[in-house]
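Enquirer: pasting the sequence and the predicted coordinates here, then a few questions.
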Amino acid sequence: MKLNSACNQIPRILILCAATFSPTFVLAQSDPMAPPASQTQPNRAQQVPASATSMQDSATNAGDVGQTMKDKIFLRKAAQGGMAEVKLGQLAAQKGSSDDVKAFGQKMVDDHTRLNNNMAPIADSMGVRLPTNLNKEDQAEYDKLNGLSGNDFDMEYLSFMVKDHHKDLHEFRQEAASTTDPTLQAAVNNATKVIHEHSVMVDKLARDKGVPMPQRGPNKSASPTS
């Protein structure tokens, strides 16, 4: 009888123990003050967040695309300007009233034809469609010069060439400094040297004929020799 009585007490003891320890166990598992499981994991110091890497890649790609667009715009403008130099040079070689102006006009034809031919394959490789006609400004200058003769022609042609070469020299130097394309940069550097030579030549011709020189700032005459 005592053995049976003791056995009958065992289920009650187990139930009591379960009732005593279960709430504590449940509270421990659902304690709102307990740190999140993610905080219990060791930090991985060398792991770079994917979002930061993605942002860096996006910024780099955006910069590359932006520079490529600038290169394409430059190539189109350079081709447009080179075409104008050739056509205006042809006019000067025919209508110039002095041998110096005729010779300079012919040099523009020869040098800018060569520069245009050097730039064309680069433009083609970048998908740039080159212009086939003069823009409005250059066409207006061509028409104006075509209506002039003698010294009036020489003065107008040299004045336009001075301003045009100052502007071109500045734009070519900017492109040479900014482009990241090595082939384009080499071609632009070469063209810059030629344009600088032209600028020095036309400045001298213009001064000899009394052509007013463009201004660089207030009361400063421009004389680009570098």
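Expert: Sure thing, it's come through. These figures come from a predicted structure and were not determined experimentally. Numbering: from 1, shown residues only.

Enquirer: which residues of this structure fall in helices?
Expert: 2-29, 50-95, 99-125, 136-146, 150-178, 182-208 (DSSP state H).

Enquirer: ranking the ones you listed by mean pLDDT, which is last?
Expert: Lowest mean pLDDT of the helices of the chain: helix 2-29, a mean of 46.

Enquirer: what's the local residue count around the residue lying closest to Ala93 once chain neighbours are set aside?
Expert: Using CB to CB, 6 or more residues apart in numbering and skipping the chain neighbours, the partner closest in space to Ala93 is Gly105 (4.1 Å). For every residue, glycine as well, the C-beta is placed using N, CA and C. A total of 23 residues lie near Gly105 under the criterion other CB atoms under 10 Å.

Enquirer: repeat for Arg207
Expert: Look at Arg207: counted by other CB under 10 Å, it has 15 neighbours.

Enquirer: I'd assumed Met213 was in contact with it.
Expert: Yes. In this structure, Arg207 sits in contact with Met213. The criterion is CB atoms under 8 Å, and the distance is 7.1 Å.

Enquirer: now do the contacts for the nearest residue to His198 once chain neighbours are set aside.
Expert: Taking CB to CB, 6+ apart, and ignoring the residues beside it in sequence, His198 has His165 as its nearest neighbour in space, at 5.3 Å. Applying CB atoms under 8 Å, 6 or more residues apart in numbering, we find His165 in contact with 195, 198-199, 202.

Enquirer: closest one of these to Gly127?
Expert: Ile195 (25.2 Å; CB to CB).

Enquirer: so what's the closest one up against?
Expert: Contacts of Ile195 were listed using CB under 8 Å, 6+ apart, and they are 165, 168-169, 172.

Enquirer: okay if I get the residues you listed as a markdown table plus distance to Ala93?
Expert: What follows is the contacts of Ile195, written out as a markdown table (distance: CB to CB, whole Å):
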| residue | distance to Ala93 |
| --- | --- |
| His165 | 17 |
| Asp168 | 20 |
| Leu169 | 23 |
| Phe172 | 24 |
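
Enquirer: which one of those is nearest Asn135?
Expert: Asp168 (14.0 Å).

Enquirer: contacting residues for that closest one?
Expert: The neighbours of Asp168, taking CB under 8 Å, 6+ apart as the test, are 81, 195.

Enquirer: picking that back up, closest one of the contacts of His165 to Ala123?
Expert: For the contacts of His165, the nearest to Ala123 is Ile195 (17.6 Å; CB to CB).

Enquirer: residue contacts, Lys209?
Expert: Listed by CB under 8 Å, 6+ apart, the contact partners of Lys209 are 98, 151, 154-155, 158.

Enquirer: now Asp208: closest residue in space that isn't a chain neighbour?
Expert: For Asp208, ignoring the flanking residues on the chain, the nearest one in space by CB to CB, 6+ apart is Asp100 at 7.7 Å.
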